[in-house]
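> quick one, structure for this:
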Amino acid sequence: MGARTKARKRALDVLFEAEQRQLEPIVLLAERIRESGTQTSLPQYSVEIVEGVVAEQERIDELLATHAHGWTLERMPAVD
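The predicted structure is shown next:
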């Protein structure tokens, strides 16, 4: 698995965990940067992805709601 693929996976892990724990992704991201725990530190590309998702969350939700016929955002699994 390439470095950018791993970085995207790590970003998704942060976003999913924030959703499950009902935390703001930026708060969890800061925690992961500060205390990496047993994992290696987050790649910069992962940080950029999480920050980008947070910055564009409203637009992302709008696009999903527009194109996900028959599904509401609340009904979609968190990982989607």
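
> near residue 16, how many other residues are there?
Applying other CB atoms under 10 Å, we find 14 residues neighbouring residue 16. (Glycine included, C-beta is placed from N, CA and C.)

> do residue 5 as well
9.

> mind giving me the packing neighbours of the helix or strand containing it?
Element membership for residue 5 (DSSP states H and E) is helix 3-21. The contact analysis (3 or more CB pairs under 8 Å, 6 or more residues apart in numbering; DSSP states H and E) places helix 3-21 against helix 25-34, helix 44-55.

> any chance of a markdown table for those, columns distance to residue 75?
Output for the helices and strands packed on helix 3-21, formatted as a markdown table (distance: least, CB to CB, whole Å):
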| stretch | distance to residue 75 |
| --- | --- |
| helix 25-34 | 21 |
| helix 44-55 | 20 |
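
> export the ones you listed to JSON lines and tack on mean pLDDT and mean neighbour count?
What follows is the helices and strands packed on helix 3-21, written out as JSON lines (pLDDT from 0 to 100; neighbours: other CB atoms under 10 Å):
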{"stretch": "helix 25-34", "mean pLDDT": "92", "mean neighbour count": "15"}
{"stretch": "helix 44-55", "mean pLDDT": "97", "mean neighbour count": "16"}
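
> out of those helices, which is closest to residue 68?
helix 44-55 (17.0 Å; CB to CB).
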